[in-house]
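Novice: no sequence on hand, only this structure:
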């Protein structure tokens with residue numbers, strides 16, 4: 001009988017900053033799909049707390065946000081037994097490899113990063129070196145785990161490209177060390193738009209509180225926000241060019257119910273936007289109810305969260321330290 005080893009699953013790394021509770025857009029667009037990935041990939045999920053330091057957050061608030069985001073990751077169904085779910089700063093190799101990679105990153109390529117230019121203008125009073133070197137830390141995050149794939153949005157594409165460039169340069173100069181990561185092309189999540197300006201993506205930083213739905217909003221708040229969602233004057237539920245508000249609501253309803261657009265149009269034939277908005281809100285409430293219930297349970301057991309995060313960091317560190325040791329040997333830092 002032929003003895004064949006099990007096929008090695010590709011490695012996927014996904015990270016999220018703990019700056020605020022994710023929106024419905026974050027959930028339907030990305031987080032909801034993270035759970036399904038663990039069937040076909042070896043997945044690592046992390047709270048990217050080191051990246052949050054560039055804006056000088058309040059320390060007590062940051063500690064709370066890190067814990068909340070870790071609880072969110074578990075609440076959406078990421079099993080810490082099947083996946084490695086950890087907090088970035090608890091694995092020291094991230095910062096150590098970032099410095100090594102800083103020395104293999106050209107000033108010119110780092111200064112061309114569009115996010116640095118945008119954030120420099122947004123936070124003109126705090127243009128720190130950490131903000132400038134942010135993409136190099138992100139490269140270290142990815143390369144430490146020899147990730148084959150990284151799920152990214154359009155705004156992160158440049159960061160993955162610089163990670164590949166840094167890895168290629170290091171591999172060329174010092175010998176093969178890092179896997180070149182590819183963008184993850186999986187099931188496409190919904191692109192959820194603002195409820196008040198449906199031409200703009202839903203964002204947790206939107207100054208208009210009616211524009212976005214938080215994953216932890218109460219059912220009453222969710223209903224109120226959808227009732228005030230911007231639509232059009234046609235009063236016909238159909239997907240078409242120029243109907244951005246209704247298209248957005250149909251996309252959300254489709255993600256939460258599994259119905260396609262034709263079925264949604266049939267369901268609401270002859271009905272007004274008021275009925276439709278209420279139904280969308282109810283579907284969203286039911287979709288995120290299990291997440292909210294699990295989150296509430298986990299936040300009541302802080303010790304479990306701390307223990308689970310520590311165990312995740314230990315697993316992550318075993319992988320990360322192998323890569324870090326290899327890189328340190330290649331650059332001449334290990335004497336033994």
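Specialist: Thanks, I have the structure now. Predicted model only: the values in this text are computed from it and were never measured. Residues are numbered from 1 along each chain as shown.
Novice: okay, domains of the protein per the record?
Specialist: 11-189+302-331, 219-296 (automatic domain parsing).
Novice: wait, which of those domains is closest to residue 212?
Specialist: If you check each of the domains of the chain against residue 212 by C-beta to C-beta, domain 11-189+302-331 wins as the nearest, at 4.8 Å. Where C-beta positions appear, they are placed from N, C-alpha and C, glycine not excepted.
Novice: go through the lowest-mean-pLDDT helix or strand in the chain and flag the buried ones.
Specialist: Least confident helix or strand of the chain, by mean pLDDT, DSSP states H and E, is helix 114-122 with a mean of 73. Residues of helix 114-122 classed as buried: 116, 119 (neighbour count, 16 or more other C-beta atoms under 10 Å).
Novice: what's the following helix or strand past that helix packed up against?
Specialist: For helix 114-122, the following helix or strand on the C-terminal side (DSSP states H and E) is helix 129-144. For helix 129-144, the elements it packs on are strand 11-16, helix 93-102, helix 107-111, helix 114-122, helix 157-174, helix 302-331, judged by 3 or more C-beta pairs under 8 Å, 6 or more residues apart in numbering; DSSP states H and E.
Novice: now with 6 Å, please.
Specialist: helix 93-102, helix 157-174 (3 or more C-beta pairs under 6 Å, 6 or more residues apart in numbering; DSSP states H and E).
Novice: buried deepest among these, which one?
Specialist: Counting by mean count of other C-beta atoms under 10 Å, helix 93-102 has the highest mean neighbour count of the helices and strands packed on helix 129-144, with a mean of 19.
Novice: what pLDDT, on average, does it get?
Specialist: The average pLDDT for helix 93-102 rounds to 98.
Novice: out of the domains of the chain, which gets nearest to residue 206?
Specialist: The nearest among those, by C-beta to C-beta, is domain 11-189+302-331 at 8.8 Å.
Novice: distance between the ends of the closest one?
Specialist: Criterion C-alpha to C-alpha, to the nearest Å; first-to-last residue distance in domain 11-189+302-331 is 25 Å.
Novice: before we move on, what about stretch 148-168?
Specialist: Span of stretch 148-168 from end to end, C-alpha to C-alpha: 14 Å.
Novice: then stretch 216-234?
Specialist: Stretch 216-234 has an end-to-end distance of 32 Å (C-alpha to C-alpha).
Novice: low-confidence ranges, the stretch 151-300 of the chain, go.
Specialist: Along the stretch 151-300 of the chain, segments meeting pLDDT under 70 span 154-155, 185-189.
Novice: count the residues that sit near residue 233.
Specialist: 5 (other C-beta atoms under 10 Å).
Novice: quick one: which helix or strand includes it?
Specialist: Per DSSP H and E, there is no helix or strand for residue 233.
Novice: need phi/psi at the closest residue to residue 295 other than its chain neighbours.
Specialist: Counting by C-beta to C-beta, 6 or more residues apart in numbering, residue 75 is the residue found nearest to residue 295 once chain neighbours are left out, at 4.1 Å. Backbone torsions for residue 75, taken as degrees, to the nearest 10, come to phi -70, psi -30.
Novice: residue 75: neighbour count?
Specialist: With other C-beta under 10 Å as criterion, residue 75 counts 23.
Novice: now do the contacts for it.
Specialist: Counting by C-beta atoms under 6 Å, 6 or more residues apart in numbering, residue 75 touches 291, 294, 295.
Novice: chain center to the strand or helix carrying the first one, what's the gap?
Specialist: So the one you mean is residue 291. Remark: residue 291 resides in helix 273-299, with elements defined by DSSP H and E. In this view, helix 273-299 has its centroid 20 Å away from the chain centroid, taken as C-alpha atoms, centre = their mean, to the nearest Å.
Novice: may I see the buried residues of it?
Specialist: 273, 276-277, 279-285, 287-288, 291-292, 294-295, 298.
Novice: quick one, that helix and helix 302-331 angle?
Specialist: Calculated by axes from the mean of the first three to the mean of the last three C-alpha atoms, to 10 degrees, helix 273-299 forms an angle of 80 degrees with helix 302-331.
Novice: other SSEs contacting helix 273-299?
Specialist: Using 3+ C-beta pairs under 6 Å, 6+ apart: helix 273-299 touches helix 59-75, helix 219-227, helix 244-257.
Novice: columns distance to residue 127 on top of the helices and strands packed on helix 129-144, output as JSON lines?
Specialist: Listed next are the helices and strands packed on helix 129-144 as JSON lines, based on distance: least, C-beta to C-beta, whole Å:
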{"stretch": "helix 93-102", "distance to residue 127": "17"}
{"stretch": "helix 157-174", "distance to residue 127": "18"}
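Novice: among these, which comes closest to residue 57?
Specialist: helix 93-102 (17.4 Å).
Novice: out of the helices and strands packed on helix 129-144, flag the one nearest residue 145.
Specialist: helix 93-102 (9.8 Å).
Novice: how far does that closest one sit from the chain's center?
Specialist: 22 Å.
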